[in-house]
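1. structural data only, the sequence is not supplied:
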Ligand code: OOB
């Protein structure tokens with residue numbers, strides 16, 4: 001296994017193989033098997049209507065894989081990939097798997113302050129971007145900054161107009177060795193709680209299980225037409241079941257450039273989409289939009305909602321507004337996925353966040369001392385299993401805190417388990433804000449705020465919000481005159497902080513409330529802002 005990654009202990013690995021969760025195949029079989037079994041069926045549809053069959057996508061991925069090899073990329077090397085929902089993302093993803101090159105999947109919203117540390121941590125040899133986004137943001141500018149800051153980044157590949165960089169490389173397909181299924185296939189980004197990014201290594205066999213089992217529990221089949229409305233680089237849209245799950249079932253993937261009702265409804269009608277996955281604020285938007293939009297959504301059978309808590313009240317309105325079934329998904333890039341089942345009673349679909357995907361998922365609900373709580377009580381969710389990481393990449397010290405000695409991942413989520421095994425998410429003890437599914441590590445934002453000359457101390461907390469679930473409030477202790485919210489957000493943008501991490505509100509205090517042991521009491525701050 002790649003240096004800096006933590007393998008599963010052999011005893012558990014043997015169990016996961018024996019019980020059939022790990023099949024000894026590489027992730028790439030999703031495409032090769034699809035091409036062999038139903039090569040003529042449509043695999044991928046772009047927003048502009050361009051389409052590729054499974055066989056065509058397979059051939060495209062092979063040409064790109066050969067191109068990556070001829071561009072000098074070697075197995076095990078890392079490449080940071082930052083692409084919107086374009087067909088190149090999908091073809092390139094499989095090309096990386098074939099070439100044994102490891103993609104590090106960044107989000108389109110990320111900017112210099114996220115991408116530079118990611119490239120450093122992964123020692124990326126290349127960076128893949130689009131030319132510009134719909135709002136005119138130029139990723140090639142970002143690439144120039146990144147290349148200057150991180151010398152390991154030898155090459156930049158651009159989807160679209162490459163300027164001084166290179167277009168995606170293609171070459172005549174060459175035979176390539178197939179990777180070891182226990183090797184790392186890709187890196188996902190953790191939502192994070194600390195000042196520096198954390199990378200999640202996902203192996204071929206664990207991610208293959210993740211995609212296939214999710215597809216099965218979500219009822220995906222060759223008739224599934226899945227709308228990728230969230231960023232394709234996010235675990236939910238990628239493999240839970242996401243686009244990989246749709247492909248595993250022999251279905252069709254439809255790419256939406258953004259999750260707005262305008263874009264999504266048009267695609268649902270045009271492509272007869274059957275399943276879509278969204279975060280709660282998008283679900284709310286779509287439900288409202290049905291009142292004034294008249295696209296035909298009758299093909300939609302299932303709306304998957306996850307990434308943040310979907311409250312029971314809106315959850316109960318999904319069927320009457322969108323005319324489809326609801327599936328709640330409580331997942332994490334680190335691994336564990338919980339789904340409400342398609343044959344669960346409505347009560348469970350509406351009021352719980354689902355139960356674990358795999359019979360071998362081990363879930364503990366523990367108190368502050370780490371002892372299991374009484375059945376039905378709430379506590380922190382700890383988990384280990386066949387697709388849950390055993391350690392972040394190159395993060396020994398952090399791993400010592402994030403895992404128990406016997407390898408359970410401390411999720412930082414507070415849950416309550418029902419006798420059926422369904423979990424209700426009740427809160428969180430991790431120092432993170434969940435802004436409508438987008439995760440903001442508090443410490444990271446506080447460090448950026450502390451760099452402002454007028455900021456003496458900073459503490460960031462979530463404040464309740466009807467649509468987003470939470471928004472971000474930055475409490476500051478200042479030197480001299482307090483900056484305004486506008487000034488602070490302009491300062492953060494200038495530092496290259498992603499827009500979704502910018503605070504929504506600023507509160508200036510003379511000093512911060514402290515806990516008994518003298519730490520800043522975020523609980524007191526959160527209470528204060530919640531009113
Ligand atoms: C998904 O993955 P991440 O890595 O962006 O975020 C994981 C965290 C969880 O630990 C939890 O705090 C929160 O997001 N979360 C939810 C939730 N789903 C995720 N909190 C309450 N209710 C839910 N349904 O967000 C993710 C990955 C795969 C599938 C779905 C979501």
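-> Received the coordinates, thanks. Everything quoted here is computed from the prediction, not taken from an experiment.

2. for the residue of the stretch 251-400 of the chain found nearest the ligand, pull up the helix or strand it's in.
-> With C-beta to the nearest ligand atom as the measure, residue 331 is the residue of the stretch 251-400 of the chain nearest to the ligand, at 2.5 Å. Using the backbone N, CA and C atoms, a C-beta is placed for each residue, glycine as well. Using DSSP states H and E, the element containing residue 331 is strand 325-332.

3. ok, residue 127 next?
-> strand 126-130.

4. other SSEs contacting the helix or strand just after that strand?
-> Beyond strand 126-130 on the C-terminal side, the first helix or strand identified by DSSP H and E is helix 139-149. Secondary-structure packing of helix 139-149 (3 or more C-beta pairs under 8 Å, 6 or more residues apart in numbering; DSSP states H and E): helix 112-122, strand 126-130, strand 155-159.

5. relative to helix 112-122, how tilted is helix 139-149?
-> Angle between the axes of helix 139-149 and helix 112-122 is 50 degrees (criterion: axes from the mean of the first three to the mean of the last three C-alpha atoms, to 10 degrees).

6. list the buried residues of helix 139-149.
-> Across helix 139-149, burial judged by 16 or more other C-beta atoms under 10 Å covers 139-140, 142-143, 146-147.

7. for the ligand, find the nearest of the helices and strands packed on helix 139-149.
-> It is, among those and with distance given as C-beta to the nearest ligand atom, helix 112-122, at 14.0 Å.

8. on that earlier part again, and the strand holding residue 331, which strands flank it?
-> Here strand 325-332 has these sheet partners by DSSP bridges: strand 302-306 (parallel), strand 335-339 (antiparallel).

9. how distant is stretch 483-498 from the center of its chain?
-> Relative to its chain's centre, stretch 483-498 lies at 25 Å (C-alpha atoms, centre = their mean, to the nearest Å).

10. kindly apply the preceding question to stretch 253-261 instead.
-> 16 Å.

11. by contact count, what packs against the lowest-mean-pLDDT helix or strand in the chain?
-> Of all helical and strand segments in the chain, the minimum by mean pLDDT, DSSP states H and E falls on helix 29-38, at a mean of 94. Under the contact definition 3+ C-beta pairs under 8 Å, 6+ apart, helix 29-38 sits against helix 54-70, helix 204-217, helix 242-248.

12. let's see it at 10 Å
-> strand 42-45, strand 51-53, helix 54-70, helix 87-99, helix 204-217, helix 242-248 (3 or more C-beta pairs under 10 Å, 6 or more residues apart in numbering; DSSP states H and E).

13. give me the contacts around the first one.
-> When contacts are defined by C-beta atoms under 10 Å, 6 or more residues apart in numbering, strand 42-45 is touched by residues 31, 34-35, 50-58, 60, 87, 89-91, 225, 227-228, 243, 246-247, 250-255, 267, 270-271, 273.

14. hmm, residue 477 is touching residue 506, no?
-> No: the criterion here is C-beta atoms under 10 Å, and residue 477 misses it with residue 506 at 11.9 Å.

15. so between these two, which is more surrounded?
-> Neighbour count, other C-beta atoms under 10 Å: between residue 477 and residue 506, residue 506 has more, with 20 against 16.

16. what sits closest to that one if chain neighbours are left out?
-> Closest residue in space to residue 506, ignoring its immediate chain neighbours: residue 485 at 4.5 Å, by C-beta to C-beta, 6 or more residues apart in numbering.

17. correct me, but that neighbour touches residue 505?
-> Yes: Residue 485 is within contact range of residue 505, at 6.8 Å (criterion: C-beta under 10 Å).

18. now do the same for the nearest residue to residue 290 once chain neighbours are set aside: its pLDDT.
-> Nearest residue to residue 290, sequence neighbours excluded (C-beta to C-beta, 6+ apart): residue 321, at 4.9 Å. Here, the pLDDT recorded for residue 321 equals 98.

19. ok, the residue of the stretch 251-400 of the chain closest to the ligand - contacts?
-> Applying C-beta under 10 Å, 6+ apart, we find residue 331 in contact with 210, 214, 234-236, 239-240, 306-307, 337-339, 353-354, 357.

20. the residues you listed also near the ligand: which ones?
-> By C-beta under 6 Å from any ligand atom, the members of the contacts of residue 331 lying near the ligand are 235-236, 240, 306-307, 337, 353.

21. so how far is residue 441 from the closest residue to the ligand within the stretch 51-200 of the chain?
-> Relative to the ligand, the nearest point of the stretch 51-200 of the chain is residue 191 (4.4 Å; C-beta to the nearest ligand atom). Note on residue 191: its distance to residue 441, by C-beta to C-beta, to the nearest Å, is 7 Å.

22. the two: who's more crowded?
-> Neighbour count, other C-beta under 10 Å: between residue 191 and residue 441, residue 441 has more, with 23 against 19.

23. what does the stretch 51-200 of the chain put close to the ligand?
-> Residues of the stretch 51-200 of the chain lying close to the ligand by C-beta under 6 Å from any ligand atom are residue 191.

24. likewise the stretch 351-500 of the chain?
-> Residues of the stretch 351-500 of the chain lying near the ligand (C-beta under 6 Å from any ligand atom): 353, 411, 413, 425, 428, 434, 437, 439.

25. one step back: and the host helix or strand of the residue nearest to residue 290, what does it pack onto?
-> Per DSSP H and E, residue 321 falls inside helix 318-322. Contacts defined by 3+ C-beta pairs under 10 Å, 6+ apart place helix 318-322 against helix 280-289, strand 302-306, strand 325-332, helix 346-351.

26. give me the sheet partners of the following helix or strand past the last one and which way each runs.
-> Later in the chain than helix 346-351, the nearest helix or strand by DSSP H and E is strand 355-356. Here strand 355-356 has these sheet partners by DSSP bridges: strand 335-339 (antiparallel).

27. can I get the strands paired with strand 325-332 in TSV with mean neighbour count?
-> TSV is the format used below for the strands paired with strand 325-332 (neighbours: other C-beta atoms under 10 Å):
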stretch	mean neighbour count
strand 302-306	25
strand 335-339	26
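
28. could I get those as TSV with mean pLDDT?
-> Listed next are the strands paired with strand 325-332 as TSV, based on pLDDT from 0 to 100:
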stretch	mean pLDDT
strand 302-306	99
strand 335-339	99
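
29. Serialize those to a markdown table and add fields for distance to residue 371.
-> Output for those, formatted as a markdown table (distance: least, C-beta to C-beta, whole Å):
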| stretch | distance to residue 371 |
| --- | --- |
| strand 302-306 | 29 |
| strand 335-339 | 20 |
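
30. make a ChimeraX selection of the buried ones in the ones next to the ligand among the contacts of residue 331.
-> Burial among those is assessed by 16+ other C-beta under 10 Å; the matching ChimeraX selection reads:
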select :235,236,240,306,307,337,353
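
31. just the closest of the ones next to the ligand among the contacts of residue 331 to residue 399, please.
-> residue 235 (19.5 Å; C-beta to C-beta).

32. isn't that closest one right up against residue 245?
-> No: contact status for residue 235 versus residue 245: not in contact, 11.3 Å apart, counting by C-beta under 10 Å.

33. which parts of the stretch 401-531 of the chain are strands?
-> 409-417, 423-428, 432-435, 438-441, 455-465, 469-478, 505-508 (DSSP state E, counting those that start in this stretch).

34. what's the answer for the stretch 151-300 of the chain, then?
-> 155-159, 166-167, 184-189, 199-203, 225-228, 252-255, 275-278.

35. how far does the third one sit from its chain's centre?
-> In this view, strand 184-189 has its centroid 11 Å away from the chain centroid, taken as C-alpha atoms, centre = their mean.

36. same question for stretch 251-260.
-> 16 Å.

37. for that stretch, the averaged confidence score.
-> On average, stretch 251-260 scores 98.

38. try stretch 372-387
-> If you average the pLDDT over stretch 372-387, you get 98.
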